[in-house]
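>>> show me the folded form of this:
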Amino acid sequence: MDLNTSIEEIPRVGPQYQKKLKKMGVQRVGDLLWHFPHRYEDFSNLIPIAAAKEAGSPAEALAKAGKPLCFQGEILEIKNIFTPRKRMVLTQATISDQTGKLKVIWFNQSYLINTFKKGDHVCLAGKIAQKGGSKYLSSPAYEKIPSSFKKTNADLTHTGRLIPVYPETEGLSSKWLRFIIKPLLIKIKSQIQDSLPEKIKEKYAFLPLPEALWQIHFPDSLKLAQAAKKRFAFEELLTISFFVLRERMKLAREKAISITPDIELMKEFMASLPFKLTNAQKKCAWQILKDLENPRPMNRLLEGDVGSGKTIVAIMAALNVARAGYQIAFMAPTEILARQHFKTINQFLEKFKLKTSLITGQESYYQELKEKSSISAKAGQKIKRQELLEKIKNGQVNIVIGTHALIQENVKFGPPAKGLALVIIDEQHRFGVEQRAKLCQQKELIPHLLSMTATPIPRTLSLTVYGDLDLSIIDELPKGRKKIITKIIQPKDKKQTCNFIRKQVKNGRQVFVICPRIEPRTTAFCGTGEPHTTAFCGTGEPRQTPALSKRTETDGQSLLLDERVLSWLDVKAVKAEYEKLSKDIFPDLKIGMLHGKMKTEEKEKIMQDFKKKRIDILVSTSVVEVGVDVPNATVMIIEGSEKFGLAQLHQFRGRVGRREFQSYCFLFTDTPGLVTNRRLRAFVSCDDGFELAEKDLAIRGPGDFSGQRQWGIPDLTMASLTDVALVETTRNEAKEILKEDPELKKYPLLQKRLEEFKERIHLE
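Residues are numbered from 1 along each chain as shown. Predicted structure coming up:
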């Protein structure tokens, strides 16, 4: 057995457990051993029974502080007692050691009567409770002590020491994971080869790999657990640094079409705009144009706060490439945004007489731009998909706009002399060389890549996860924008807010209302009798119901629920909110509804009606989060605001305040708490997206930014992504090693680890 052994071959792991492990991404022994604890229970306070009953003793102080205590003794008796009034089973036992006796009570764990027998020696860890004048041990963790027990805590697995608590899923407890992991570790830890270079281990005094694995799972002390975590975090960050740096090196060896900046054309374009570019926009545009001149593929990320004008900068790059005779692919994350980009590009480029097209899931549009085109012409003319694909393949279309439909096999770009030279992607940063190569007929040339994002990336992530990208930052907003007034609205103030909304609408303005979920759940039960099933994310896509850990009784059924599930039960549903607003609160106003489950035509019609002021209030999921531009909207209401990260809230806020009108963002929350208030107060006090990104990283962690699921990064490494010093250290070490050995020939184990990492991550 080794790290690559399948979990099917692990003793005592049956088909049901295999299924649950795979749900957590555990396929091999190595995955299981690298499934690290996220915290530890301190069950190391092993004391005599008499000490727990002594007034003023250190044990009593620990008990009063709510700390668990640990006892070892013999079971004198054990029985089940049914309590009719509370309708539960109590399992009562008495244990004794040389100093005294102690009563033990478990609630609704009647099976323990078959687990323990009189005379068994056990180790129990839990909290001391008191009823009347009698003290007892309440629902303790338990472990039988075998006859071969050597009287040291190292021999114990579930009690008597620091106990690992793992990320779990339904039916897969930390106790079961400890039961499986410990014998595996004992069996193969000495066989595991260490990929970390010796000079790095010596330099930073890291634990050897076998010892680090043992100490992270079954630590002898918290200090050793931290030492192990530091080693693994460093190793994972080092691997990420190797990956992104080698991607950069790999790209530098590829060839791309060199496109000289057409300065006169850029001046003509800027003169045609109804506004002046900011200095930040000009600086970023110049960086991109100079990159396009390079015969190596550009790999640049254009960062800019909401409303900073990233699209205009991207259009300048596209115009320069189109006038040079080559094609541009412009990809957007949603059909709504793709259509908006199509119209915006046609609007700003109409005098330059280019040919543009739009490809969505089922529809295709084509437009030959002419000066002073009609408004309807800027929306393009419908065209048969096959006819449009032929035009694109023959190089007759300059700019092809669309969703990920653009990277389907049937979309072929023009021949080398007039083929694809630039790919622009909105809110999609991980798009590698291989994906770009698939877009081209000329396999020897790789198109330049420009990614755009309105989610400012914190420094640590720009060094690691996005370390292969060059950054251009638009850190300046257009002049004349008024600061958006942001407030947290308490339940008691909602009526007053509704009056304010009505006044805004009467003054000709429009309102967004954002809800986190589409519709109430529809199967099973939630403990309140309300049906529920799969929750939905803001785009309307189903998301997996989280791991379940709390047991609730309802209508005779027993259901496991955790806090995340319980919190989602009270989230405002778009359909319910739409009904409430249109029938009860604003029956005299025009209310619209938008969510990701609607058909494309329906979504497009709703957005057009909203832009043309046929809708006063639009109730929506987060499909409007990115890029949607409705200049007349001045109020953003965010229901369940505590459900969103700061960066996402900032995106929502950016949908208003896009013109000269004073705009407002109101945060509705029904579950105020310490963390919620801290986050929302941070949002209210700050309107700088870059500062908010850093705060969000500190409060919530980096998962939202770096796509934890795509990268498969362990939790402890994700936490380390907030440590700038550690990130910079690992990056510098990776640079030094690659400088002397770019192919890692001297480090075969490191090379192997890097290959495994590349297989593990998912580059979208």
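
>>> so Gly596 touches Val574, yeah?
No: under the criterion of C-beta atoms under 8 Å, Gly596 is not in contact with Val574, lying 9.9 Å apart. Where you see a C-beta, it was placed from the backbone N, CA and C, and this is true even at glycine.

>>> mind listing what Ile128 touches?
Neighbour list for Ile128: Ala52, Ala63, Leu69, Lys135, Tyr136, Leu137, Ser138 [criterion: C-beta atoms under 8 Å, 6 or more residues apart in numbering].

>>> repeat that with 6 Å
Applying C-beta atoms under 6 Å, 6 or more residues apart in numbering to Ile128 gives the contacts Ala52, Ala63, Lys135.

>>> what strand or helix carries it?
Per DSSP states H and E, Ile128 falls inside strand 121-131.

>>> just to revisit the earlier point, neighbour-wise, which of Gly596 and Val574 wins?
A count of neighbours by other C-beta atoms under 10 Å puts Val574 above the other of Gly596 and Val574, at 26 against 20.

>>> dihedrals phi and psi, that one?
phi -60, psi -40 (degrees, to the nearest 10).

>>> so what's Lys182 closest to, chain neighbours aside?
Thr157 (5.5 Å; C-beta to C-beta, 6 or more residues apart in numbering).

>>> wait, a helix at that neighbour?
No: read with DSSP: H, G, I helix; E, B strand; the rest coil, Thr157 is coil and lies in no helix.

>>> pull the number of nearby residues for it.
Counted with other C-beta under 10 Å, Thr157 comes out at 18.

>>> hmm, it is touching Arg178, no?
Yes: Thr157 lies in contact with Arg178 (C-beta atoms under 6 Å); the separation is 5.3 Å.

>>> rewinding a little: name the nearest of the contacts of Ile128 relative to Thr311.
Top of the list for closeness to Thr311, among the contacts of Ile128 and by C-beta to C-beta, is Ala63 at 62.6 Å.

>>> quick one: buried residues of the host helix or strand of that closest one?
For Ala63, the element it lies in under DSSP H and E is helix 58-64. Along helix 58-64, these residues count as buried under the neighbour rule (16 or more other C-beta atoms under 10 Å): Ala59, Glu60, Leu62, Ala63.

>>> list just the nearest of these to Glu476.
For those, the nearest to Glu476 is Leu62 (57.0 Å; C-beta to C-beta).

>>> residue contacts, that closest one?
By C-beta under 6 Å, 6+ apart, the neighbours of Leu62 are Asn45.

>>> can you rerun that using 7 Å?
Leu62 is in contact with Asn45, Leu69, counting by C-beta atoms under 7 Å, 6 or more residues apart in numbering.

>>> could you do Leu422 as well?
Ala317, Ala318, Val321, Ile328, Pro447, His448, Leu450.

>>> tell me how far the fifth one lies from Ser147.
Between Pro447 and Ser147 the distance is 70 Å, computed by C-beta to C-beta, to the nearest Å.

>>> neighbours around Gly126, how many?
Per other C-beta under 10 Å, the neighbour tally for Gly126 reads 21.

>>> that one against Pro140, yeah?
Yes: using C-beta atoms under 7 Å, Gly126 is in contact with Pro140, at 2.9 Å.
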